[in-house]
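Colleague: Need the 3D shape of this:
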Amino acid sequence: MKQTLTILAFLGVVAAGATGPSLAEEGCFVPMVDWQPPEAVVRLARENAWTLRRIKIDDGCYQIDGRDAEGRRIEVTLHPATLEVIEIEYED
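Modeller: Purely as a prediction, here's the structure:
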């Protein structure tokens, strides 16, 4: 019995670790009713001194195209429910 619980605990940890970092690769699958409105995305961009060129949805995530405070072109992927930054790409 103890051995079975140890194996189940191990599998739970492995499964939890496998789902975390791959969020950007798999997309953001959140029901639309749980999404933050686009106005919240604009507010977040202003708070970070980003200049917006476009806001779009890609693989179920918000994606911002624009420039950062230093004028560099950026592409920011945001979780639609929490507006957590998933990835920032700097384009040259």
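
Colleague: helices and strands of this protein: which one has the lowest mean pLDDT?
Modeller: Here the helix or strand of the chain ranked lowest by mean pLDDT, DSSP states H and E is helix 2-19, holding a mean of 45.

Colleague: you'd agree residue 33 is in a helix?
Modeller: Yes: assigned with DSSP: H, G, I helix; E, B strand; the rest coil, residue 33 falls within a helix.

Colleague: gap between it and residue 27?
Modeller: 18 Å (C-beta to C-beta, to the nearest Å). The way it works is simple: take the backbone N, C-alpha and C, and place the C-beta from them, glycine included.

Colleague: Comparing those two, which residue is more hemmed in?
Modeller: With neighbours defined as other C-beta atoms under 10 Å, residue 33 and residue 27 compare such that residue 27 has more, 14 against 6.

Colleague: How about that one: what's its closest non-neighbour residue?
Modeller: Nearest residue to residue 27, sequence neighbours excluded (C-beta to C-beta, 6 or more residues apart in numbering): residue 59, at 3.3 Å.

Colleague: Does that neighbour touch residue 78 like I think?
Modeller: No: contact status for residue 59 versus residue 78: not in contact, 11.8 Å apart, counting by C-beta atoms under 8 Å.

Colleague: got the contact list for residue 73?
Modeller: Neighbour list for residue 73: 65-67, 90-92 [criterion: C-beta atoms under 8 Å, 6 or more residues apart in numbering].

Colleague: Repeat that for residue 49.
Modeller: By C-beta under 8 Å, 6+ apart, the residues touching residue 49 are 68-69.

Colleague: ok, residue 87 touching residue 76?
Modeller: Yes: under the criterion of C-beta under 8 Å, residue 87 makes contact with residue 76 at 7.3 Å.

Colleague: Brilliant, that's me finished.
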